[in-house]
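Enquirer: with the input below, show me the fold.
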Amino acid sequence: MNDDASSCPRCGHPRSSTPRDGTPERTPPEPAESSPDDIAPPEPTESRPDDIAPPAPTREWESPEPAQPYVAPVPERIAVAAPAARRTDSLAVTALLLSGLGLLTCGLTSFLGIVFGNQALDRAQTDPAAQGEGVARAAIALGFVSLAAIAVPLVVWVLMRTLTLV
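Expert: Okay, here's the model as predicted:
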């Protein structure tokens, strides 16, 4: 290593004679050499065998515990009763069958179909749980159609019979 004053004491690199900014050169102080005897031993601290080392300082956003994987919460299952199945009123179905049979029985069951249809229609309109308003209306209409289908030919036949007799 170069011991010249114009070289760096650490690396021995030659220094320039003129500083760049025009300020006088400063040489860093040389570190004092120390012996192992000069180093002071650490001060003894009170320690007990049950002491636990304090946790390492952490930033407020860091957790001292290891990161756990995210587990989405499982929603609780809530038992919900299914809405009660609304069934068509049996009186409305009976009225529709009787009105339909009125065509085969020459209108004899059509009267019963119209009566039962009116009762089923009244029940469906007053009770919100009852269903079958449309079926009851169809039974009433079919009952009148089957009566008309029997009554019109009967009236025509009677009129023709009376006109030929005269």
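Enquirer: where along this structure do the helices fall?
Expert: In the chain, the helices defined using DSSP state H lie at 90-101, 110-126, 133-165.
Enquirer: now the first one: average pLDDT?
Expert: Per-residue confidence for helix 90-101 averages out to 94 on the pLDDT scale.
Enquirer: may I see the helices of the chain arranged in TSV, with mean neighbour count as well?
Expert: C-beta coordinates here come from the backbone N, C-alpha and C atoms, glycine included. Converted to TSV, these look like this (neighbours: other CB atoms under 10 Å):
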stretch	mean neighbour count
helix 90-101	21
helix 110-126	19
helix 133-165	15
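Enquirer: so which of those helices gets nearest residue 6?
Expert: Checking the helices of the chain against residue 6 by CB to CB gives helix 133-165 as the closest, at 114.0 Å.
Enquirer: what helices or strands is the closest one leaning on?
Expert: helix 90-101, helix 110-126 (3 or more CB pairs under 8 Å, 6 or more residues apart in numbering; DSSP states H and E).
Enquirer: now do that helix against helix 110-126, angle only.
Expert: Relative orientation of helix 133-165 versus helix 110-126 (axes from the mean of the first three to the mean of the last three CA atoms, to 10 degrees): 150 degrees.
Enquirer: the inter-axis angle of helix 133-165 versus helix 90-101?
Expert: 30 degrees.
Enquirer: ok, now how distant is the nearest residue to residue 91 once chain neighbours are set aside from residue 104?
Expert: Nearest non-adjacent residue to residue 91, counting by CB to CB, 6 or more residues apart in numbering: residue 120, 4.2 Å away. Separation of residue 120 from residue 104 (CB to CB, to the nearest Å): 22 Å.
Enquirer: do the same with residue 121
Expert: Residue 121 is 24 Å from residue 104, where distance means CB to CB.
Enquirer: same deal with residue 69?
Expert: With CB to CB as the criterion, residue 69 and residue 104 are 75 Å apart.
Enquirer: these two: which has the busier surroundings?
Expert: Applying other CB atoms under 10 Å to residue 69 and residue 104 shows that residue 104 carries more neighbours, namely 10 against 4.
Enquirer: need the pLDDT of the more buried one.
Expert: Taking residue 104 on its own, its pLDDT is 88.
Enquirer: ditto for residue 118
Expert: 96.
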